[in-house]
Structures are given as C-alpha cells and as structure tokens.
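J.: Coordinates only, no sequence provided:
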Ligand SMILES: Nc1ncnc2c1ncn2[C@@H]1O[C@H](COP(=O)(O)OP(=O)(O)OP(=O)(O)O)[C@@H](O)[C@H]1O
C-alpha cells in the first residue's frame, strides 16, 4: 500500500503563465528509497514542496490534482500533524538551522522539546543521533560556526530526530566530501530498514543507482520515466532528455550501440566487474 500518492498533479507558481508541474502521478511505499532525479529546473524541489504541503500553504499559485497521505487528502491534515509525519531537509542547510539554539546538541533536541517529548527520551535520542551522524565532537559548538557540510549533517539529524514516517531530502550531500556523503547514504539505508519512505533529490547518479529502489525522472515539469532503478537508469531516453546515467551503465550502452550483446546492463561497478570477468 502506498503511504503517499500524487494523482495527476499540476502546479503553477503565482504570476506564472505556464504550469511548472504537469500532470505528475506517482506513489511512494514504506521501506523504499525513491530517487527524484532530473536536470536543474525540472521541478524536483517543487514536487517535494507539494508533498510536504508547503505548496499551497506558503507558496500560493494554482495546484490541481490530488495528494493522498495514507488515503486521506493532504489538505485535510492540520499543519502540525503533517510536520510530524513528513520530515524535510532543505537543499540549503542555512535555512534549516533554527537560529535560536547555541549548540549542536540543543539544535538536534529543539524539535523534540517542541513536541513535549520527556527529557530522558530527548537525551537518549540526541545521544544516538550524535553517533549516527558522527557529530559527537561538534556537540557543544554553535551551529552557525560550522562548515556548510557540518551544518548539512546537523540539519538532517534534527529532521531524523523527530522520527517522521516520510523523509524528504533535497540534495542532502551537496556540500559533503566523499566520506561524509558515503556516511549519509549509510544512514539512508538504515532509514529504509526502519520502513521509512525516503524521497531523495540527488544529482550524484552513481550513488542514486546504488541506493535507490525506485526512480522518478523529471524533465520540464513532467515525470517522464518511473520504475525500478534498473528500469530507469539503463534507459538511454534519460540521456536524450538531458538526464544522467551511471558511468558504468554508459560504458555498456556504448558497447551495445556498437552491436555487442549482454544479458544485463550493469548499474554499478560490482555488476560491471562480474560481466567483464565472464568475458575473460
Ligand atoms: N517561487 C517560484 N516562483 C516562480 N517560479 C519558480 C519558483 N520556484 C521555482 N520556480 C521555477 O520552477 C521550475 C522548477 O524549479 P525547481 O526548484 O522545482 O527545480 P529543481 O528540479 O529542483 O532544480 P535544481 O536541480 O536546480 O534544484 C524552475 O523553472 C524554477 O525557475
């Protein structure tokens, strides 16, 4: 059963003459990681804002179609309930830091305090998250004195702290080095095992191929392709529409174009290696 479903969604920003989102339908199930991909301006963040209810609460404009959250229309939820069900880590972590807390520890605890969670429970949860997000050494630092990448990890930890069923991450690794990026993807894997719905906007396509179960490929406001990672990320149409495919997949598609045949098109180095080993 889908936790959240978009049914024929179209959206036009205020004062715009054309729809930015055009007839998008898709479903999201628990325990799966969804990669929302597509070139700059294709509508990924706008879709996230619709799922989270920021559109039409903050951004007005014209929204058509239906968003169902657990079979109930999104607009029937009150705003606080929605905030506890859907966590959103923004593209820019600077906008996510509360600005009212003086340490990383307090920042992660902030949302839990607002929800009235008992003190012992808050301490337990924050302690776990400091380890999970490798933030222990920064616990007593001011969030504003952190690097962009450190802020990004704190912002995401604060979202995960609230234990939402759906977690939207808009480019959570944009400011992270390769090691911290790998750490975030490990956390995404843990969230998946906890049966969350993870919706990930990400340009690092090799990692998307490795970690996402399903892909939604956006182009010019439309969902042009959707399906399993293998179905979408081995489809050359993605390239024709300005999208990206994993490096190893491109290499094999090139060989197929030259007339070679393979039982499977690989999505990652491990799969490519096993195919190439068979050729020896
Ligand atoms: N507040 C707004 N008012 C009018 N148009 C907007 C607004 N916000 C975004 N847009 C436009 O909507 C389109 C989709 O933007 P969106 O941010 O959803 O794309 P995206 O796929 O997330 O891009 P990126 O990969 O660069 O983050 C773009 O053409 C953008 O200029």
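T.: Received it, and whenever you're ready, just let me know what you need. Just so it is clear, the structure is predicted and the values come from calculations on it, not from any experiment.

J.: Off-centre distance for stretch 213-223?
T.: Relative to its parent chain, stretch 213-223 has a centroid offset of 13 Å by CA atoms, centre = their mean, to the nearest Å.

J.: Pull out the buried residues from that stretch.
T.: Of the residues in stretch 213-223, 214, 215, 216, 217, 218, 219, 221, 222, 223 count as buried by neighbour count, 16 or more other CB atoms under 10 Å. C-beta coordinates here come from the backbone N, C-alpha and C atoms, glycine included.

J.: closest to residue 77 among these?
T.: Distance to residue 77 across these (CB to CB) is lowest for residue 216, with 22.7 Å.

J.: Let's verify the closest one: helix, strand, or coil?
T.: On the three-state scheme (DSSP: H, G, I helix; E, B strand; the rest coil), residue 216 is labelled strand.

J.: quick one: residue 262 and residue 227, what's the gap?
T.: 20 Å (CB to CB, to the nearest Å).

J.: all helices in the stretch 51-200 of the chain, in order from the N-terminus.
T.: Shown for the stretch 51-200 of the chain, the helices assigned by DSSP state H, counting those that start in this stretch span residues 54-57, 79-85, 104-114, 119-132, 148-161, 178-193.

J.: For the second one, give the mean pLDDT please.
T.: This means helix 79-85. For helix 79-85, the mean pLDDT works out to 88.

J.: Kindly report the same for the last one.
T.: Along helix 178-193, the predicted confidence averages to a pLDDT of 89.

J.: which outside residues touch it?
T.: 31-33, 132-134, 149, 153, 156, 160, 167, 169, 172-173, 176, 198, 200, 204, 207, 210-211, 213 (CB atoms under 8 Å, 6 or more residues apart in numbering).

J.: 6 Å instead, please
T.: Residues from elsewhere that reach helix 178-193 (CB atoms under 6 Å, 6 or more residues apart in numbering): 33, 149, 172, 173, 198, 207, 211.

J.: can you list the residues you listed in JSON lines and add pLDDT?
T.: As requested, those are exported to JSON lines (pLDDT from 0 to 100):
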{"residue": "33", "pLDDT": "97"}
{"residue": "149", "pLDDT": "84"}
{"residue": "172", "pLDDT": "89"}
{"residue": "173", "pLDDT": "89"}
{"residue": "198", "pLDDT": "97"}
{"residue": "207", "pLDDT": "92"}
{"residue": "211", "pLDDT": "93"}
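
J.: In ChimeraX, how would I select the buried members of these?
T.: Those of the contacts of helix 178-193 that count as buried under 16+ other CB under 10 Å are selected in ChimeraX with:
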select :33,149,172,173,198,207,211
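
J.: From the contacts of helix 178-193, which land in strands?
T.: 33, 198 (DSSP state E).

J.: Pull the most distant pair out of the contacts of helix 178-193.
T.: So, these by CB to CB: farthest apart are 33 and 149, at 21.3 Å.

J.: what does the protein put close to the ligand?
T.: Neighbours of the ligand within the chain, by CB under 6 Å from any ligand atom: 13, 16, 20, 38, 40, 41, 42, 43, 44, 45, 46, 59.

J.: what sits against the most centrally placed residue in the chain?
T.: Using CA atoms, centre = their mean, the residue of the chain that lies closest to the mean C-alpha position is residue 200, 1.5 Å off. Going by CB under 6 Å, 6+ apart, residue 200 touches 35, 169.
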